[in-house]
Every structure is written in C-alpha cells, then in structure tokens.
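In: Sequence and predicted structure are below.
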Amino acid sequence: MVNERTAWDTLSSFLQERGVAYSGGISSPNRAFTSGSRLSPHLAWGTISSGSVFEELDRRREEFSLIKGPNPWRRSLRAFESRLHWRDHFVQRLEGSPQMEFSAINPAYDAIEYEDDSELLTAWTEGRTGYPLIDACMRCLGETGFMNFRMRAMVVSFACFGMHLSWRTIHGPLARMFLDYEPGIHISQLQMQAGITGINAIRVYSPTKQFLDHDPEGTFVKKWVPELRQHTPAEIAYAEEVRLAGYNPPVICIKERSKQMKERVYAIRRSVKGKKTSQEVLQKHGSRKGTGRVKRKKSTGLSTGQLALFKDSSP
Ligand SMILES: Cc1cc2nc3c(=O)[nH]c(=O)nc-3n(C[C@H](O)[C@H](O)[C@H](O)COP(=O)(O)OP(=O)(O)OC[C@H]3O[C@@H](n4cnc5c(N)ncnc54)[C@H](O)[C@@H]3O)c2cc1C
C-alpha cells in the first residue's frame, strides 16, 4: 500500500535491518524485493520526500560513525545515497528537457527505424516470449508492479534490440505496469537502455547470462513461469536452443535481431551528425564531476559520472 505510514515503515525497516544486504542484493531479482529500500513508489507518489529520506540516512550514518572497524552498512548506505542523487539528476533532466518524452535526447537517433510489431509487443508485455527470464520478469511486473534495476534494464534491452520495438512504443505499457512510475527516471533509462543517447555505453543484455548470474537455481523463473517448474536450471538457461515441453518456443532469435539493431545504432554513432549531437548532449547532460559542483555536506562517495548512472551497482 502506498501511504505515508507504509513509507515511514519501509524506510525504517530498510535503515535498521534490510539495508545491510543492499550492495549486491539489488542485482538479484529474488533478493531485491527485500534488500532494496523499496521506497520508489513512495518517492514517486510523494508519500515521503527525498529530504526526509536524506535526513534519516544521515542520522543512521552518525550512529555508525561511532562504531570502529569494518561495517558492511557503510558500503550499502553509500550506494543507496548515490541512487537518491541519480533520482534527482534524472527528474531534473526531464524538467530541463521536456521534449525528451517524445523524441530522443540525442535527436540524431530519432532516425532509427523500429518495426514495432504489435504481436511481439503483446508477447513481451504478457510474458510469452519463449525466453524464461524475460517472461518471468514481465509476469512478475504485471503482478507486483515491481522489478529490480537489472531486470528492468534487461527487458528494455530485449524489447528494443531484440524485438525492434521503439522505446516510445514500450513507454506506455511499462508506465502502466510500474507502481513507481517516475517519468524523469523512466524516460532517461528507456533511452539509455535502448542505446540512443550517444553518450552511454551500448549494452545488450543476454537473458541466458543474466539467468546464470542472478537466478542460477531458477527460483525466480519457476515462481513466475509455472510451466517451467519440471525443468532443470540448465534446460531453462538454454531454452532458446532446446525445445521445452509445455513452454512457448522463442518468438525471435535474440542474437541475430540484436546484431541488426546494433548495426543501426552504431551507424548513427559513427555518423558526422551523430558525433556532433552527442557532443551537445554531453555538454548539456554530461557529468559535472570535478567542476566545482556543490555537494551535500555529509555526502560521501557520490559518483554522478555517466557510467555510474547507467549501472545498478556502485561504481
Ligand atoms: C528501464 C528502467 C526504468 C526505470 N523506471 C523507473 C521508474 O519509473 N521509477 C523509479 O523510481 N525508478 C525507475 N528505475 C530505476 C530503478 O530500477 C528503481 O528506482 C529501483 O529498482 C527501485 O527499487 P528501490 O526503491 O528498492 O530502489 P533503491 O535501490 O533502494 O534506490 C533508492 C531510490 O533511488 C532511486 N533510484 C534507484 N535506482 C535509480 C537509478 N538507476 N536511477 C535513478 N534513480 C534511481 C529510486 O527513487 C529509489 O527508490 C528504472 C530503471 C530502468 C532500467
């Protein structure tokens, strides 16, 4: 429930207990439900202010400053604080460039052609792509309104690079599903994961690798895709190559299709126009690290570099 009382309870349980496992925990689709702060719906809907969160964070830090020796909380709280700053950065970015809701932040990339096949869009939205981890994520999202950062990045990369669905096309369906929809963060991330900012690394996530790295026992996949429960993790990992009884065959070949889309994206990146507009984007939205930016008094370890904004783990 998204109300003021649950917001404060969520913040308190995070800062007192759950947050110790934040670093590392947020990359796992299983553990992020408890290791992450889970404050995103509250921050998005305004049931708590980011100022209150910063205040409580500072209070907790002061308590830890009295304890000598290594403490896993320190790293976790630093990583958490960075994300609160990223949030402000992205919200501010949309305030300053409202046109990015409809066109790429880097206009050269508006020329990319997407097929926008409506059947593929439906298969993706409903979690029927034939890729177990993608299907589990989309069904989990539909049911709970939540998914961790890494899985969000992976499903968007799959849609844009693999299915050739435009970031604009998937924006509405995702916004309706996320309980924490926050346009500033969401639109920036869609464009970054689609590889069209010109200033971020282009990363295409392999669902097989993500499964092996973050759900090797198949716990998450089996929870959300019951038709795979009788299969072994190895069969699930390579579902693309082995036909699994009772489960949809893959609707696309991710390797082939993402190669095609990467070529389209890199063609713009290499073009004269692409290089010029990327410079402009960097000027306007790039990192101001080391240029006399004002820092919060108690801030530590903040990194707002462009690479950091792209990642889900502390840089
Ligand atoms: C494609 C895509 C779409 C996303 N859409 C949204 C969205 O609509 N709303 C939203 O709140 N987050 C969005 N995120 C960022 C992130 O995935 C979620 O904020 C996070 O998973 C929420 O879980 P949490 O509250 O436990 O976050 P924590 O990890 O505990 O982080 C604390 C807070 O910091 C902010 N935050 C966390 N990660 C980021 C980030 N990478 N960039 C900016 N701010 C961040 C959120 O407000 C979050 O509640 C998106 C990420 C991707 C890749």
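Out: Structure received.
In: CA atoms for contacts and neighbours, from now on please.
Out: OK.
In: Give me the distance between stretch 10-20 and the centre of its chain.
Out: How far stretch 10-20 lies from its chain's middle: 21 Å, per Cα atoms, centre = their mean, to the nearest Å.
In: ah, wrong one, I meant stretch 122-137
Out: Relative to its parent chain, stretch 122-137 has a centroid offset of 17 Å by Cα atoms, centre = their mean.
In: So which residues of the stretch 1-150 of the chain form helices?
Out: Along the stretch 1-150 of the chain, counting by DSSP state H, counting those that start in this stretch, helices occupy 4-16, 22-25, 32-35, 40-45, 50-65, 72-96, 118-126, 132-144, 149-157.
In: Serialize the ones you listed to CSV and add fields for distance to His164 and mean neighbour count.
Out: Compiled in CSV, these are given as follows (distance: least, Cα to Cα, whole Å; neighbours: other Cα atoms under 10 Å):
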stretch, distance to His164, mean neighbour count
helix 4-16, 38, 16
helix 22-25, 31, 21
helix 32-35, 29, 19
helix 40-45, 29, 19
helix 50-65, 36, 14
helix 72-96, 25, 18
helix 118-126, 9, 17
helix 132-144, 15, 22
helix 149-157, 10, 22
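In: Out of the ones you listed, the one nearest Ile185 is which?
Out: helix 72-96 (5.1 Å; Cα to Cα).
In: Show me which residues of this protein sit near the ligand.
Out: For the chain, the residues found near the ligand under the criterion Cα under 6 Å from any ligand atom are 36-40, 43, 80, 83-84, 86-87, 148-149, 152-153, 156, 180-183, 185-186, 189-190, 312.
In: can you tell me which residues contact the nearest residue to Arg229 once chain neighbours are set aside?
Out: Of all residues not flanking Arg229 in the chain, Lys222 sits nearest, at 5.1 Å (Cα to Cα, 6 or more residues apart in numbering). Counting by Cα atoms under 8 Å, 6 or more residues apart in numbering, Lys222 makes contact with Ala136, Leu228, Arg229.
In: cool, Met154 as well?
Out: By Cα under 8 Å, 6+ apart, the contact set of Met154 is Ile134, Val204, Tyr205, Ser206, Pro207.
In: which among those residues end up buried?
Out: Ile134, Val204, Tyr205, Pro207 (16 or more other Cα atoms under 10 Å).
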